[in-house]
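Take this sequence and fold it.
(one chain, ligands or ions: 1)
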Amino acid sequence: MTDTQPVRSSVAKAVIPAAGLGTRFLPATKAMPKEMLPIVDKPAIQYVVEEAASAGLSDVLIITGRNKSNISNHFDSVPELEYALERKGDEGKLAKVRESSNLAEVHLLRQGKPAGLGHAVACARRHVGDESFAVLLGDDLIDDRDPLLDRMIAEHDARGATVIALMEVPQESIHLYGCAAVEPTDDPDVVRVTGLVEKPSAEEAPSNLAVIGRYVLRPEIFDILDDLEPGRGGEIQLTDALNQLAEGKGDGPVYGVVFRGRRYDTGDRADWIKANVLLGVDHDELGEEISDWIIDFAEQLRARRSDG
Ligand code: UTP
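Numbering: from 1, shown residues only. The predicted structure follows:
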C-alpha cells in the first residue's frame, strides 16, 4: 500500500437486530415489526441501513422475527410496482422505490425465538465469521447530520477494542437503559468502560451514561454470548456479555464514544412522534407546510392551556 491510499477499516459488516416483540408499540406492532414503522416517508430500518452503508458497511445482515416478510419485501425489488411507475413515467417515485433495494447487500436471518438482544447478535455468528462487525439496532435512529458510526469504527481501529455508544441521560431515565461505569481518557468524547449494568435503578446506576443502539464488536463476543445464562427478563442480554469484556474476560478493553447528537428511539411511542416532527420540519418537500402548521398549533395549545 502507498501512503496516498486510504486506510481500509477492519469492519465491513453490519448486523441489524429487528426481531424484538415491540410490545411498547402495540397494537401497531401486532402484525408489523416496529422497525417498519415509518418516520415521515421511510421505515425506520431504512434509515439504519442507509447509516450502515454510508459508514462503508455494504454487507448488512438483518435479524428478523415474526412478520419477517414485511422487512424482506422492503429491501427486495417489486417488479409490478416498478413497471407501473415506469409506464406512468414517474421517475421520482421509481427512484424512491428502487432506493431501498440498492442501498447495500442485504441478508436476512430468522431468530427462532425472541430470546433477547444478545441471542439475536449470537445468531449472526456464521455470517460474520472471525471479523469485527458493527451492530445497529433497527429501531434506534441516529440523525445523519450527527455521524456516530464512523467515529466508533475509527476508535475500534485505532485502539483494537470493542466500542459502544453512550449518551448522557437524566438520572430519572437511566432505569430504561443499560448503564456504564467509566473512567476518563485523554479524549473528552471517549471513556474507558469498566462495567455495565442493564436497566439499573437511579440509586444503583454507576453514571448517567446510557448505552444506545450502536456497537462495534470483536468476534470474541460470540464465545461469551454462547456461554451466557439468561439475565434480566429471562433474556440473553448483550449488556451482560459486554460487562464480562469490560471486566477483563476477553482479549481487549471496552471503550465508549459519548454521543452528543440527535437520536430517536422509534420503538417508544412518544419518541416516534417526536422523530416524525423533527425530521418532518426539515423534510425537503414537507418541511415548510409542517413547520407553519406546528407554529400555528403550538399557539392554539398555549391558548388552550391558559384557558384551562
Ligand atoms: P428492545 O429492548 O427494544 O425490545 O430491543 P423489544 O422486545 O423489541 O421491544 P419492547 O420493549 O417489547 O417494546 C432492542 C433491539 O433488539 C432487538 C429489537 O428488535 C430491537 O432492535 N431484539 C430484541 C431482537 O432482535 N431480538 C430479541 O429477542 C430482542
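
Pick out the residue of the stretch 1-150 of the chain closest to the ligand.
Gly20 (1.7 Å; C-beta to the nearest ligand atom). C-beta: built from backbone N, CA, C; applies to glycine.

Could you look up the SS state of that residue?
coil (DSSP: H, G, I helix; E, B strand; the rest coil).

What is the burial count for it?
23 (other C-beta atoms under 10 Å).

and it, how far is that from Lys34?
Using C-beta to C-beta, to the nearest Å, we find Gly20 at a distance of 7 Å from Lys34.

One more: Thr266?
7 Å.

Who has more neighbours out of these two?
The residue with more neighbours, out of Thr266 and Lys34, is Thr266; 27 against 24, by other C-beta under 10 Å.

Which phi and psi values does that one adopt?
Note on Thr266: backbone dihedrals following degrees, to the nearest 10 are phi -80, psi 0.

that older thread, just give me the residues shared between the contact sets of Thr266 and Lys34.
By C-beta atoms under 8 Å, 6 or more residues apart in numbering, Thr266 and Lys34 have these common neighbours: Ala44, Asp139.

Give me the nearest residue to whichever residue of the stretch 201-308 of the chain sits closest to the ligand, chain neighbours excluded.
Closest residue of the stretch 201-308 of the chain to the ligand, C-beta to the nearest ligand atom: Gly267 (4.7 Å). Residue nearest to Gly267 in three dimensions, not counting chain neighbours: Asp139, with 3.9 Å by C-beta to C-beta, 6 or more residues apart in numbering.

hang on, isn't that neighbour packed against Glu35?
Yes - with contact defined as C-beta atoms under 8 Å, Asp139 reaches Glu35; the gap is 5.4 Å.

Overlap of the contact sets of these two?
With C-beta under 8 Å, 6+ apart, Asp139 and Glu35 have common neighbours Ala18, Ala44, Ile45, Thr266.

Name the member of the residues you listed with the most neighbours.
For those, neighbours tallied by other C-beta under 10 Å; top is Ile45, 30 neighbours.

So that one versus Asp240, what's the distance?
25 Å.

what about Glu82, which SS state?
Per three-state DSSP, Glu82 ends up helix.

show me the contacts for it.
Leu94, Val97, Arg98.

For the residue nearest the centre of the chain, list the residues it contacts.
Residue closest to the average C-alpha location in the chain (C-alpha atoms, centre = their mean): Leu137, at 3.0 Å. Neighbouring residues of Leu137 by C-beta under 8 Å, 6+ apart: Ile16, Pro17, Val48, Leu117, Gly213, Arg214.

Tell me who's in contact with the last one.
Taking C-beta under 8 Å, 6+ apart, we find Arg214 in contact with Ala134, Val135, Leu136, Leu137, Asp140, Ile142, Leu148, Leu149, Met152, Ile164, Ala165, Phe259.

what about the third one, neighbour count?
Going back to what we said before, that points to Leu136. A count of nearby residues for Leu136, using other C-beta under 10 Å, gives 28.

Phi first, then psi, for it.
According to degrees, to the nearest 10, Leu136 has phi -120, psi 120.

show me the contacts for it.
Leu136 makes contact with Ala14, Val15, Ile16, Val48, Glu51, Ala52, Leu149, Gly213, Arg214 under the criterion C-beta under 8 Å, 6+ apart.

Between these, which sits nearest Asp226?
The closest of the contacts of Leu136 to Asp226 turns out to be Val15 (C-beta to C-beta; 15.9 Å).

And the strands in this structure?
In the chain, the strands defined using DSSP state E lie at 13-18, 38-39, 42-43, 59-64, 105-110, 133-136, 140-142, 162-168, 178-184, 190-198, 209-217, 254-258, 263-265.
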